[in-house]
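1. got a structure for you, letters missing:
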C-alpha cells in the first residue's frame, strides 16, 4: 500500500494542483460577478470593459478546464481589478477630502455622548 502511494504521488500532486487551480478560478468568477453587481455603476466604462473581458476569458478557460489558460486569465482579471480599484479609491479619497473634515468634527461630540451614557448595574452571584 505504501509503495502504491509513492508510485501515485506525482499523479496525486498534479490532480491536487488541477483542483486547486480550478477552485481558484471558480472563486474568482463568483467574486468578480458579485463585485461587478455591487460596484458596476461606480466604475467607468474603460475600467469595467477589461474586467468583463477577462471574466469571459476566465469562464471559458474554467469550462474547458484548461489550466494553461486559467493562470493568464486570473492574472489578467487581477490586473483589471487593480486598475479599477485604484480609480475607485482615488474618487473616494477626493470625495472624502471635500466632506471628510466636517464629518469627522461632527462625529466626535456624538462619541462623547455615547460614552457618558453608562448605567450602574447590581448583580448577584448564584452558586
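-> That came through fine. If you're wondering where the values come from, they're calculated on a predicted model, not measured in any experiment.
2. do you know how far the most centrally placed residue in the chain is from residue 45?
-> Against the mean C-alpha coordinate of the chain, by CA atoms, centre = their mean, the closest residue is residue 31 at 6.3 Å. Counting by CB to CB, to the nearest Å, the gap from residue 31 to residue 45 is 21 Å. To be clear about C-beta, it is placed using only N, CA and C from the backbone, and glycine gets the same treatment.
3. quick one on the thing from earlier: name the element the residue nearest to the centre of the chain belongs to?
-> helix 9-39 (DSSP states H and E).
4. Report the mean per-residue pLDDT for that helix.
-> Averaged across helix 9-39, pLDDT comes to 90.
5. What are the buried residues along the next helix or strand after it?
-> As assigned by DSSP H and E, the chain's next helix or strand after helix 9-39 is helix 45-64. Neighbour counts using 16 or more other CB atoms under 10 Å place 47, 48, 50, 51, 52, 54, 55, 57, 58, 59, 61, 62 of helix 45-64 among the buried residues.
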